[in-house]
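Peer 1: got a predicted model here, sequence first, then my questions.
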Amino acid sequence: LMVDKGNHRHFMAKEIHEQPEVVGHTLARYIDFTGETTKLPEDLPFDWTKLSRVVICACGTAYLAGLVAKYWFERYARLPVDIDIASEFRYREMPLDKGGLAIMISQSGETADTLAALRYCKGEGQTVASVVNVPESTIARESHVVFPTVAGPEIGVASTKAFTCQLTVLACLALAAGRARGVLSPDDEKTLVHALAEVPRLMAAALRVEPQIEALAKTLAKAPDALYLGRGTSYPLALEGALKLKEISYIHAEGYAAGELKHGPIALIDETMPVIVIAPHDQIFDKTVSNMQEVAARGGRIILITDAKGAEAATVDAAETIVMPSMPATVTPLVYALPIQLLAYHTAVFMGTDVDQPRNLAKSVTVE
Ligand code: AGP
């Protein structure tokens, strides 16, 4: 299979910029735009109304997509989610009630630990659904039902477009579950489907901050460490931001739930510590602002990623504010993923690392 970089310097840059398009393709597969509803195969091997909980297993970035989905399934479908990293889950021998649903998430569909978790779940009588980008992969073949992402081949070792396409599929699954379980009314579903349908356009708008992020990356490249904070669905995004930065720039980074700051990581804050705060102006925005004040009081350098309302309401001096378009809270993880990816990308380019093939990493981890 031949894939080229087009007019981009790296596959990662190309894949970041492809997101409005591939998320659009993925949406087209799971949304009926005329009926304004989600659209899943009719012969699903499980019944949303009979489930008492869902298990999600994955590794790395795919795991973080699952962590976002936990918030969605619990909020929109009142379906509790147990999520775990596949390498922990597989040896934990978690007791599972027969007839449950397990969802595996994997770009490659070949990750050894995720495959082992899948086999464990099957052995425990679970129906296994997988969200994969490679339909002919082992994980896809061994699943009872496959929900493909339509990201196209992802070449960069750092996952970008596969992540947002996984989020797209998972959002549609959560809405379909919510509708089936009677948690969402047809009108609720319509509103949320509309919000998802806007994502490609919002992503294209979000990409316009690239020059600002490129300039910012020059300062970030000088930092030995970085801290990412977020609450709610921005918390998994903080973890993803830190993972992306570590992988390709080799700068040590940590992601934390903003509310955990006082329970330890605040000790790290001084004038040299960049703190990237992901805070759309949502219901818990004010809580994150108080965490930013704690950071500011200790001289931490805040890089705030928010929207126009958030930028106005944040009563704190941020060294830099990156303004995203405004959007419904449901879709912020999809769109805010882009500035996070761009920040890691430009920092790595500035440092001169091998962005598409970072040291010590493989695209698909087929060994345990
Ligand atoms: C992401 O940037 C990583 N390179 C890595 O964490 C990856 O997401 C993980 O290895 C899972 O791979 P998979 O989606 O192919 O299963």
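Peer 2: Good, I have the coordinates.
Peer 1: just the pLDDT at the residue positioned nearest the centre of the chain, thanks.
Peer 2: For the chain, the residue nearest the mean C-alpha position is A65 (4.0 Å; Cα atoms, centre = their mean). Looking at A65, its pLDDT stands at 98.
Peer 1: mind pulling up the phi and psi values for L338?
Peer 2: Reported as degrees, to the nearest 10, the phi and psi values for L338 are phi -70, psi -50.
Peer 1: name the element the spatially closest residue to it that is not a sequence neighbour belongs to?
Peer 2: For L338, ignoring the flanking residues on the chain, the nearest one in space by Cβ to Cβ, 6 or more residues apart in numbering is A206 at 4.5 Å. For the C-beta atoms, the positions are set from N, CA and C on the backbone; glycine is no exception. Assessed by DSSP states H and E, A206 sits inside helix 199-206.
Peer 1: ok, S87 to Y63 distance?
Peer 2: Per Cβ to Cβ, to the nearest Å, S87 is found 10 Å from Y63.
Peer 1: what parts of this structure come near the ligand?
Peer 2: Taking Cβ under 6 Å from any ligand atom as the contact definition, the chain meets the ligand at 59-62, 106-108, 111, 114, 157-159, 247, 364-365.
Peer 1: I'd like to know which of the residues you listed are buried.
Peer 2: The neighbour count (16 or more other Cβ atoms under 10 Å) marks 59-62, 106-108, 111, 114, 157-159, 247, 365 as buried among the residues of the chain next to the ligand.
Peer 1: pick the one among those residues closest to the ligand.
Peer 2: Nearest to the ligand among these is G60, at 1.8 Å by Cβ to the nearest ligand atom.
Peer 1: ok, the closest one - contacts?
Peer 2: S159, L243 (Cβ atoms under 8 Å, 6 or more residues apart in numbering).
Peer 1: so which of S87 and Y63 has more stuff around it?
Peer 2: Y63 (23 against 19; other Cβ atoms under 10 Å).
Peer 1: now the more buried one: which helix or strand?
Peer 2: helix 60-77.
Peer 1: in that helix, what counts as buried?
Peer 2: Using 16+ other Cβ under 10 Å as the test for burial, helix 60-77 gives 60-73, 75-77.
Peer 1: and what of stretch 204-216?
Peer 2: So, applying 16+ other Cβ under 10 Å, buried residues of stretch 204-216: A204, A205, A206, L207, V209, E210, I213, E214, L216.
Peer 1: distance between the ends of it?
Peer 2: 20 Å (Cα to Cα, to the nearest Å).
Peer 1: quick one: average confidence on that stretch?
Peer 2: Mean pLDDT, stretch 204-216: 98.
Peer 1: hang on, the earlier thing: which outside residues touch the very next helix or strand once past the helix holding A206?
Peer 2: Going down the chain from helix 199-206, the next helix or strand is helix 210-220, by DSSP H and E. Under the criterion Cβ under 8 Å, 6+ apart, residues 226, 245, 249, 251, 274, 303, 320, 322, 339, 342-343, 345-347, 349-350 lie in contact with helix 210-220.
Peer 1: stretch 41-52 too?
Peer 2: Contacts to stretch 41-52, defined as Cβ under 8 Å, 6+ apart, come from residues 77, 79-80, 97, 99-101, 127, 129, 144-145, 176-177, 180-182.
Peer 1: farthest-apart pair in those residues, please.
Peer 2: By the measure Cβ to Cβ, H144 and G182 form the most distant pair in those, at 24.4 Å.
Peer 1: neighbour-wise, which of those two wins?
Peer 2: H144 (15 against 11).
Peer 1: now for the more buried one: which residues touch it?
Peer 2: So, once contact is read as Cβ under 8 Å, 6+ apart, H144 ends up touching P45, F46, T127, V128, A129.
Peer 1: do that again at 6 Å, thanks
Peer 2: By Cβ atoms under 6 Å, 6 or more residues apart in numbering, H144 lies in contact with P45, T127, V128.
Peer 1: give me the contact list for the helix or strand that contains the last one.
Peer 2: Right, the one you point to is V128. Assigning secondary structure by DSSP H and E places V128 in strand 127-132. Strand 127-132 is contacted from outside by 45-46, 101-106, 109, 118, 121-122, 139-140, 143-147, 166, 169, using Cβ under 6 Å, 6+ apart.
Peer 1: out of the residues you listed, which sit inside strands?
Peer 2: L101, A102, I103, M104, I105, S106, V145, V146 (DSSP state E).
Peer 1: just flag the most distant two among those.
Peer 2: Once Cβ to Cβ is applied, these give L101 and S106 as the farthest pair, at 16.5 Å.
Peer 1: span of stretch 152-166 from start to end?
Peer 2: 12 Å.
Peer 1: buried stuff in it?
Peer 2: Buried residues in stretch 152-166, defined by neighbour count with 16+ other Cβ under 10 Å: 152, 154-166.
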